[in-house]
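K.L.:
the sequence and its predicted three-dimensional model are supplied below.
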Amino acid sequence: MVEYVSRNIVTGERAVNDDGHLQIDLGDKGGIAALFLRLTATNGAGGSASHGLRSQITRIRVKTGKGTYPFELSASDLYALNALRDGIAEELSEGTGAGAVQSVRLPIYFSLNRDDMGYGLDLEENLGATLEIEYALTVSGTDGFVSKSLAADVDALITKGLVRPIYRGIMNTAVLMSHRTGVQDPHRDFIKAPMKAVGLYAYAYKSGTADNALVSNIKLLREGDTDPLVDSSFSDLQYRYRTKAGSIITSYAQIWKAPGRDGREALRAENDSGLGLQLRELVADGEARIIMEWIGGI
């Protein structure tokens, strides 16, 4: 049976500029179930009251040697997704004080969870796989960061001895759709098969507008069905999937998670039919996007 071990990929990989990207080689042997990123940056001499570290990491993505992207999200979306799905808020320190080191921990899963051995990133099948971290660091001594202070540590949950795994597929995560909100009931989108959906998450934001006053209701249906999988207010979804500490994640809500997504039973992904998503929107010119997790081929 394949076993996983924790293995360091890089420590203290430092940015050489303030607006660019880090590219980290993931190796060419073994199978990765998850990556664990820890990013840090140092506040300027006057502190950083207006800029949290997550907002400075504009995109994190994994590119395979085949040119596909099984993972692509911003740091803010990734942090929220993990908290919603697992009910645990990862490490986050975004202190505003002068010289404070801000930090955030960001897991990326290619499997269902740490114990799942059926799905993952096969490095031999995807020679040349890389992790790319794009950033735009606000550099300022009065309200920003120290120049070139962004650094990354990356660990992997990888097969012991770098043995090649036998995977049935890989977990993919990306923004499925993004749009400006309007005053409409409903805004309809269609999620087309054959994607094997296992999780859907919503983000909705407009400055000065409460979460549930921007998008008030979310409905999810299988194509052809009249009985919805989900029919709930945005605020109720936030409360239902709050963290174990009892807090909700502002502007985010978990819409749906497939039976078996947590590994306690056989996975039942939505792959037999399309999914219809309906949002009741009450405010124009807000931003809404839907994040999706799905099982794809090797």
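P.N.:
In hand now; what should we look at? Numbers count the residues shown, from 1 in each chain.
K.L.:
contacts, neighbours, all on C-alpha from now
P.N.:
Fine.
K.L.:
quick one: least confident helix or strand in this protein?
P.N.:
strand 184-191 (a mean of 89; mean pLDDT, DSSP states H and E).
K.L.:
buried stuff in it?
P.N.:
Across strand 184-191, burial judged by 16 or more other C-alpha atoms under 10 Å covers 186, 191.
K.L.:
likewise for stretch 248-257?
P.N.:
Neighbour-count burial for stretch 248-257 flags 248-249, 251-257 (criterion: 16+ other C-alpha under 10 Å).
K.L.:
for this protein, longest helix please?
P.N.:
Longest helix in the chain, counting residues (DSSP state H): helix 75-86.
K.L.:
pLDDT averaged over it - what is it?
P.N.:
The pLDDT scores in helix 75-86 average 96.
K.L.:
Q278 versus D189, what's the distance?
P.N.:
Note on D189: its distance to Q278, by C-alpha to C-alpha, to the nearest Å, is 6 Å.
K.L.:
low-confidence ranges in the stretch 51-200 of the chain?
P.N.:
Scanning the stretch 51-200 of the chain for pLDDT under 70 picks out 193-194.
K.L.:
can you pull out the helices in it?
P.N.:
Under the criterion DSSP state H, counting those that start in this stretch, helices of the stretch 51-200 of the chain are mapped to 53-56, 75-86.
K.L.:
among those helices, which is nearest V139?
P.N.:
Among these, the nearest to V139 by C-alpha to C-alpha is helix 53-56 (10.5 Å).
K.L.:
ok, and what's touching that closest one?
P.N.:
40-41, 75-76, 94, 102-104, 135-138 (C-alpha atoms under 8 Å, 6 or more residues apart in numbering).
K.L.:
if you rank those by neighbours, which is first?
P.N.:
Highest neighbour count within the contacts of helix 53-56: A41, with 27 neighbours (other C-alpha atoms under 10 Å).
K.L.:
hmm, back to that, now for the helices of the stretch 51-200 of the chain, which one comes closest to T181?
P.N.:
Closest among the helices of the stretch 51-200 of the chain, using C-alpha to C-alpha: helix 75-86, at 18.3 Å.
K.L.:
where does D236 fall, secondary structure wise?
P.N.:
D236 belongs to helix 234-240 when assigned by DSSP states H and E.
K.L.:
circling back: make JSON lines from the helices of the stretch 51-200 of the chain and add distance to K66 to it.
P.N.:
Below are the helices of the stretch 51-200 of the chain laid out as JSON lines (distance: least, C-alpha to C-alpha, whole Å):
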{"stretch": "helix 53-56", "distance to K66": "28"}
{"stretch": "helix 75-86", "distance to K66": "23"}
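K.L.:
show me the one of these that comes nearest S207.
P.N.:
Nearest to S207, of all the helices of the stretch 51-200 of the chain, is helix 53-56, at 15.4 Å by C-alpha to C-alpha.
K.L.:
using PDB, write out every CA atom in that closest one.
P.N.:
What follows is helix 53-56, C-alpha atoms only, in PDB (Å, rounded to 0.1, in the frame of the first residue of the first chain):
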ATOM      1  CA  LEU A  53      -0.800  39.700   2.800                       C
ATOM      2  CA  ARG A  54      -3.600  37.700   1.200                       C
ATOM      3  CA  SER A  55      -4.600  40.600  -1.100                       C
ATOM      4  CA  GLN A  56      -1.000  40.800  -2.300                       C
END
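K.L.:
hmm, back to that, of all the buried residues of stretch 248-257, which two lie farthest apart?
P.N.:
Across the buried residues of stretch 248-257, no pair lies farther apart than S251 and K257, at 18.3 Å, counting by C-alpha to C-alpha.
K.L.:
for the residue nearest the centre of the chain, give me its contacts.
P.N.:
The centroid of the chain falls nearest to L78 when counting by C-alpha atoms, centre = their mean (2.7 Å). Counting by C-alpha under 8 Å, 6+ apart, L78 touches 106-108.
K.L.:
just give me the neighbour total for the residue nearest to I158 when sequence neighbours are not counted.
P.N.:
Nearest residue to I158, sequence neighbours excluded (C-alpha to C-alpha, 6 or more residues apart in numbering): I32, at 4.4 Å. For I32, the neighbour count with other C-alpha under 10 Å is 28.
K.L.:
can you tell me the SS state at I32?
P.N.:
Recorded secondary structure, I32: strand (DSSP: H, G, I helix; E, B strand; the rest coil).
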